[in-house]
Each structure stands twice: as C-alpha cells, then as structure tokens.
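**Q** sequence and predicted structure, then a few things I'm wondering about:
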Amino acid sequence: MYSIFTHLNDIELSGVAFKDQGRKKRVISHFTAKGESTIPELSELLNISIPKTTELISSLHEEGLVIDSGKKTEGLGRKAVIYSLNPHCCYFLGVEIRKYKINIGLMSFNGDLVKTALNIPFTYLEAGESLQAIIGEIRIFLQKITIPMDKIVGLGLSMAGRINVKTSNILSNYHFGDAPVKKRLEKAFGLPVFLDNDSRTVAYGEYHFGHSGLSFTEQNVCIVNIDYGMSLGIFVNGKPVYGASGYAGEIGHIPMFDNQKICFCGKKGCLETEASGLALIDFILNKIKEQNSSSLQNPLSKNGFLELEDILEAVHRGDNLALEGVTQIAYNLGRGLAVAINMLNPELIVLGGMLAGLGEPLLLPVKTSIMQYSLSLVNNDTRIILSSIGQRAGIPGCCLLVRDKVLGLV
C-alpha cells in the first residue's frame, strides 16, 4: 500500500510527517484539477521552498504516484520538468445504481475513466436478491478488464436514498440489520467500500468534470440533480458539504407548498412534489385526463406510462403541453433555489441530471423565479448554468469520490 494511504491502516502521523502528507495530498488534488505542473509552480501553490517541493515530488515519484511527463518548451534557459499523476499506479471502481439500470466504471489514478459498462438493465427485486445481482454485474465487469485486482484499491457504491456516510447504513432499499451492504461488498471483493448518495456523486462528477473536463474555478457552488426526484450537492471552498451524518442538501424536502401530495419521504408539501421529474409526469398525466391534447398520448397509449425521455423528446419537438409542464416545474424549482441562494450565497448554481437536457425551456423559468423570490443583493453574485455533461456525471463522480476518500481528501 502506498504511504499516502497510511490512514487506511490506522497509522497516525504527526509533526513533519503529518504536514508532508497533507502537502502531498494537495499536490495530487492540484494535478487532478490542472493535469500537470512544474516544481516552481507547485512551490508557489504550497508556499514552500523549491528544495522542499523537490523533496516531496521525489518521494511521490519513488512511490510511483507521480511521473515525469516532459519539459516546458517555451521560454529561454533551462527547461523545467513537468510532472503529472501516474495513471497506471492504481485504480478505483465505481458502481452507480439508477432507476432501472446500473452503471459501472473504473478510473485511473489521474481521474481518467479507462473502462465503463453503462445502462446495464436492472430491476429492483427483494433486497437480498438485488444485492446479489449487483455483485454479479460487478464480477462480470471485472472479468472483462485486464487490470490486476491488486491494482484496484477502492470500490464506491452510489444510489438514491438516505445513506448515513458515517455508519455506511442505507436507511431505505438496502437496509440489512445483520450485515450492512458495505460489509457484504467488502467480503465479496476484498476492497474498502464507500457508500454515498447519488446526489453527491453526481455533484462531485459535475464539479470536477463539468467545466471542459476540469474542475470549476468557483469555490462555492450548488449543483442540482433533477431527475425523477431532485437533490442538491453543496461545495464550500471547493469541498463537498456532508453535514453531521451525510444528509446535507435535501432541498427537495423543504415544505414549500400547501398541497396534499405525499412525498417519498412521507410528508406533504415538499418541493420535490412540485419540482421534479415525477412532478412533471404527474402534471402532464393530469392534463391529458382533462382532455388536453399532446403528442405524449402516443407513448402513453403504447406503454401505459410516461418516462422522462418521452417528455424530453416532446419538448424538443415543441409539444405545447410538455413545454407548459416544464415551465411549471422549473418555476417551482426556482422558488426552492431562491431559498438556497438566500442561505448560501453561492457563486454558481449548475442545473444537472436528466432534466438538464431540456435546455433553455428549463433554465429560463428557473431564472425568472429566482429573480422573483430571492434577494437581488444576493442573487446578483450567483451565475446559473445548465450542466454540460448531464447524466454522465454520476460514474466519474462516484469513482473520483472513492479515490479522494481513499486519499483522505474528503
């Protein structure tokens, strides 16, 4: 095991060793965000001398975590050596459990996805059977890769529901009193396992890969995952906010509406009941029952139900009812985000998830609502954009979050 992972073996460092360990982790974070750097650049970043920086890089190089990737070509005089992360030193496995499908990915140390298996059909059965099915799909995935198992140093599981990241208990679908999912997966694969809510893994992927493949420059960011449900990932000073038990960001369960709709959480009036994919489907189904015409009657008659993909296609075709529904739920979403803006004063809000694919029909009413319900003094500082990677944020976010938890960066 690399010395930078010593905390996994309960080895506590102190003094200079502890300080150097923290500096090494900052170097790795910097390489992930920027790709490569020279020793003078890293010296400035760490605010330490060039000889000390050289010593740190030499240590990481000896461990095989950092490689020499060339020399700077511009300028006169001696060319500075460029360093970057060694992509082949170790790998991180991510598993994303979505509605009706599983996504699996393997990430190298430098943050590149080297192998993925996406949209594997998956239907939730009884909890025990479902977990065995998930384990089976992971084994199939591992059989198809050429990377040795001892190079894989962590496994992450991302899924919806209430997950206590401190105890690794899933307080929803996969709740086993005698043997938590974490323990079952660790026994099955012999790897440290990290569980996290899908809202945070999606937000992590969006934050680190959603800006031209690199991290956003903004440090205080809110990332909304709008799918069948909705959730919020919060970054303060570039770090994800977990809260006391890992439940921070449950914006969908703010009681904002005086309605009789029962939310998934069991309460009434939650933002999610009026500003989510399920709320959008419910709105359109009710309008069709009231004899409103729409091209969505075709997939509804054919399948007996509507999926969000049907609505996205209808919006892009200019279907009036679909556009009306999107405007309604987007306006409601803006009301909820106005609360987040007034409380957190973020620099940036990113609208992600499946519904981000709606584009301007989603973004414009969200902005209008935010202007109406938040303080102008505060919202002037907040930029609101659509995700550029949408549903693709989950797997890279899950893998990178595993890597950063293994490294002790989060």
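**A** Received it, and whenever you're ready, just let me know what you need. Numbering: from 1, shown residues only.

**Q** what about the closest residue in space to Asn103 that isn't next to it in sequence, neighbour count?
**A** Once flanking residues are discounted, Asn103 sits nearest to Glu96: 4.2 Å by C-beta to C-beta, 6 or more residues apart in numbering. No exception for glycine: its C-beta is placed from N, CA and C like everyone else's. Glu96 sits with 26 neighbouring residues when counted by other C-beta atoms under 10 Å.

**Q** how near is Glu96 to Gly394?
**A** Distance, Glu96 to Gly394, by C-beta to C-beta, to the nearest Å: 5 Å.

**Q** do the same with Pro346
**A** 21 Å.

**Q** who's more crowded, those two?
**A** Ranked by neighbour count (other C-beta under 10 Å), Pro346 and Gly394 place Gly394 first, with 30 against 25.

**Q** hmm, back to that, who touches both of Glu96 and Gly394?
**A** 103, 158, 198, 201 (C-beta atoms under 8 Å, 6 or more residues apart in numbering).

**Q** surely the first one is in contact with Ile395?
**A** Yes. The pair Asn103 / Ile395 is scored as a contact, 5.0 Å apart, by C-beta atoms under 8 Å.

**Q** neighbour count winner among the two?
**A** Using other C-beta under 10 Å, the more surrounded residue of Asn103 and Ile395 is Ile395, with 26 against 22.

**Q** you'd agree the more buried one is in a helix?
**A** Yes. Counting by DSSP: H, G, I helix; E, B strand; the rest coil, Ile395 is found in a helix.

**Q** how much space between it and Tyr204?
**A** With C-beta to C-beta as the criterion, Ile395 and Tyr204 are 11 Å apart.

**Q** please apply the same query to Ile234.
**A** Noted for Ile234: a distance of 11 Å to Tyr204, by C-beta to C-beta.

**Q** who has more neighbours, the two?
**A** Using other C-beta under 10 Å as the criterion, Ile234 and Tyr204 rank with Tyr204 on top: 26 against 22.

**Q** correct me, but the more buried one touches Tyr242?
**A** No. Contact criterion C-beta under 8 Å: Tyr204 and Tyr242 do not qualify, at 11.5 Å.

**Q** run through the neighbouring helices and strands of the host helix or strand of Ile281.
**A** Under the criterion of DSSP states H and E, Ile281 resides in helix 277-289. The elements that helix 277-289 packs onto, with contact taken as 3 or more C-beta pairs under 8 Å, 6 or more residues apart in numbering; DSSP states H and E, are helix 297-303, helix 308-316, helix 320-344.

**Q** and the contacts of the shortest one?
**A** Read that as helix 297-303. With C-beta under 8 Å, 6+ apart as the criterion, helix 297-303 contacts 285, 288, 306-307, 310.

**Q** buried ones in it?
**A** 299-300 (16 or more other C-beta atoms under 10 Å).

**Q** for this protein, give me the ranges with low pLDDT.
**A** 1-13, 73-77, 124-125, 167-179, 212-214 (pLDDT under 70).

**Q** hmm, try it at 80
**A** Across the chain, the ranges flagged by pLDDT under 80 are 1-15, 33-34, 72-79, 99-100, 123-128, 160-180, 211-215, 245.

**Q** for it, which segments are assigned as helices?
**A** 15-34, 39-46, 50-63, 127-143, 181-189, 198-209, 277-289, 297-303, 308-316, 320-344, 360-373, 376-379, 394-407 (DSSP state H).

**Q** by how many degrees do the first one and helix 50-63 diverge?
**A** This points to helix 15-34. 80 degrees (axes from the mean of the first three to the mean of the last three C-alpha atoms, to 10 degrees).

**Q** how about helix 15-34, which residues are buried there?
**A** Of the residues in helix 15-34, those buried (16+ other C-beta under 10 Å) are 20-21, 23-24, 27-32.

**Q** can you give me the strands for the stretch 101-250 of the chain?
**A** For the stretch 101-250 of the chain, the strands defined by DSSP state E, counting those that start in this stretch occupy 101-108, 113-121, 152-159, 163-164, 169-170, 193-197, 221-226, 230-236, 239-240.

**Q** list of residues touching the longest one?
**A** So the one you mean is strand 113-121. 87, 91, 100-108, 137, 140-141, 144-145, 147, 395-396, 399.

**Q** and for the third one?
**A** Residues outside strand 152-159 that contact it (C-beta under 8 Å, 6+ apart) are 1, 5, 90-97, 106, 138, 170, 173-174, 181, 185, 189, 191-198, 201-202, 394, 397-399, 401-403, 405-406.

**Q** now these: which count as buried?
**A** For the contacts of strand 152-159, buried by 16+ other C-beta under 10 Å: 5, 90-97, 106, 138, 170, 174, 181, 185, 189, 191-198, 201-202, 394, 397-399, 401-403, 405-406.

**Q** domain map for the chain?
**A** Following the assignment in automatic domain parsing, the chain carries domains at 3-85, 91-203+394-407, 214-388.

**Q** with distance to Val366 added, can I get the buried residues of helix 15-34 in CSV?
**A** Listed next are the buried residues of helix 15-34 as CSV, based on distance: C-beta to C-beta, whole Å:
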residue, distance to Val366
Asp20, 46
Gln21, 43
Arg23, 41
Lys24, 41
Val27, 38
Ile28, 36
Ser29, 31
His30, 33
Phe31, 35
Thr32, 30
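
**Q** and the furthest pair within those residues?
**A** Asp20 and Thr32 (19.0 Å; C-beta to C-beta).

**Q** so what does the nearest residue to Ile281 once chain neighbours are set aside have for phi and psi?
**A** Once flanking residues are discounted, Ile281 sits nearest to Leu306: 5.1 Å by C-beta to C-beta, 6+ apart. Per-residue torsions, Leu306: phi -110, psi 140 (degrees, to the nearest 10).

**Q** please report how far Leu306 lies from Ser276.
**A** 14 Å.

**Q** more neighbours: which of these two?
**A** Ser276 (27 against 20).
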